[in-house]
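Participant: Fold the following and give me the result.
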Amino acid sequence: MGFGDLKSPAGLQVLNDYLADKSYIEGYVPSQADVAVFEAVSGPPPADLCHALRWYNHIKSYEKEKASLPGVKKAVGKYGPANADNTTEGGATDGKDDDDVDLFGSDEEEESQEAQRLRAERFAQYESKKAKKPALVAKSSILLDVKPWDDETDTAKLEERVSIQADGLVWGSSKLVPVGYGIKKLQIQCVVEDDKVGTDMPEEQIIAFDECVQPMDVAAFNKI
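Facilitator: Reported below is the predicted structural model:
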């Protein structure tokens with residue numbers, strides 16, 4: 001198994017070809033396999049390697065959560081397409097039996113009818129699972145600090161105006177926090193779907209209420 005040197009154009013090309021029909025290095029969700037390969041890549045692949053670049057950007061969004069991703073991280077050489085000569089870089093065999101069937105292999109050696117049947121059966125199972133797998137929805141959790149102009153601002157009406165409605169935007173808990181001179185700021189949580197709403201839309205909508213809202217702040221931001 002292996003991609004070769006993932007810091008070289010040749011290694012990145014192998015990675016790009018490998019990810020042409022896959023979302024992740026192994027399985028159907030981000031795992032330690034993705035972390036191991038991601039850490040072996042020196043930076044974002046070039047734009048013409050679209051599959052590798054799409055995968056890189058997606059795994060990068062899990063930067064803070066990578067330690068909690070499932071699986072056990074192995075050496076990066078353990079991942080990727082099967083080497084044509086079935087050997088490691090040192091020349092020794094990788095320990096697999098000659099009769100093992102590689103689901104994604106492109107070996108042109110003659111196979112038995114049973115091996116061909118098993119390959120087709122496993123590929124059909126893989127395609128069926130892939131078709132049923134729901135797409136991951138990228139979301140962001142944002143904690144906003146909204147400050148009124150003065151202590152006479154009706155905070156209940158302020159929250160009502162701030163809680164704009166949009167597909168892919170869900171408002172959570174809120175509270176009033178004293179800031180001084182009798183003024184209380186509204187601290188409110190929301191979750192946005194990145195593809196539908198984006199992270200800037202709530203802020204742009206809220207600061208438009210400039211008759212009652214001062215420039216607001218993002219108190220906390222997390223990808224989920």
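
Participant: What helix or strand is the residue nearest the centre of the chain located in?
Facilitator: Using Cα atoms, centre = their mean, the residue of the chain that lies closest to the mean C-alpha position is residue 58, 3.6 Å off. Element membership for residue 58 (DSSP states H and E) is helix 50-60.

Participant: Run the chain-centre distance for the helix or strand that that helix is followed by.
Facilitator: Toward the C-terminal end, the helix or strand that comes next after helix 50-60 (DSSP H and E) is helix 113-132. When distances are taken as Cα atoms, centre = their mean, to the nearest Å, helix 113-132 is centred 27 Å away from the chain's centroid.

Participant: Could you tell me which residues within the helix or strand following helix 113-132 count as buried?
Facilitator: Scanning forward in sequence from helix 113-132, with DSSP H and E defining helices and strands, the next element found is strand 139-146. Of the residues in strand 139-146, those scored as buried under the neighbour-count criterion (16 or more other Cβ atoms under 10 Å) are 139-140, 142-146. From N, CA and C alone the C-beta is placed, and that goes for glycine too.

Participant: Can you list the buried residues in the lowest-mean-pLDDT helix or strand in the chain?
Facilitator: Using mean pLDDT, DSSP states H and E, helix 113-132 stands out as the lowest-scoring helix or strand of the chain, at a mean of 78. When burial is assessed from 16+ other Cβ under 10 Å, helix 113-132 yields the following buried residues: residue 119.

Participant: Now it - C-alpha only, PDB.
Facilitator: Coordinates of each C-alpha in helix 113-132 appear next as PDB, following Å, rounded to 0.1, in the frame of the first residue of the first chain:
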ATOM      1  CA  GLN A 113     -13.700 -16.800 -11.900                       C
ATOM      2  CA  GLU A 114     -14.200 -16.900  -8.100                       C
ATOM      3  CA  ALA A 115     -12.000 -13.900  -7.500                       C
ATOM      4  CA  GLN A 116     -13.700 -11.900 -10.200                       C
ATOM      5  CA  ARG A 117     -17.100 -12.800  -8.800                       C
ATOM      6  CA  LEU A 118     -16.000 -11.700  -5.300                       C
ATOM      7  CA  ARG A 119     -14.600  -8.500  -6.600                       C
ATOM      8  CA  ALA A 120     -17.900  -7.700  -8.400                       C
ATOM      9  CA  GLU A 121     -19.900  -8.500  -5.300                       C
ATOM     10  CA  ARG A 122     -17.900  -6.400  -3.000                       C
ATOM     11  CA  PHE A 123     -17.800  -3.500  -5.400                       C
ATOM     12  CA  ALA A 124     -21.600  -3.700  -5.700                       C
ATOM     13  CA  GLN A 125     -21.900  -3.600  -1.900                       C
ATOM     14  CA  TYR A 126     -19.600  -0.600  -1.700                       C
ATOM     15  CA  GLU A 127     -21.600   1.300  -4.300                       C
ATOM     16  CA  SER A 128     -24.800   0.500  -2.500                       C
ATOM     17  CA  LYS A 129     -23.500   1.800   0.800                       C
ATOM     18  CA  LYS A 130     -22.000   4.800  -0.800                       C
ATOM     19  CA  ALA A 131     -25.400   5.700  -2.400                       C
ATOM     20  CA  LYS A 132     -27.300   5.400   0.900                       C
END
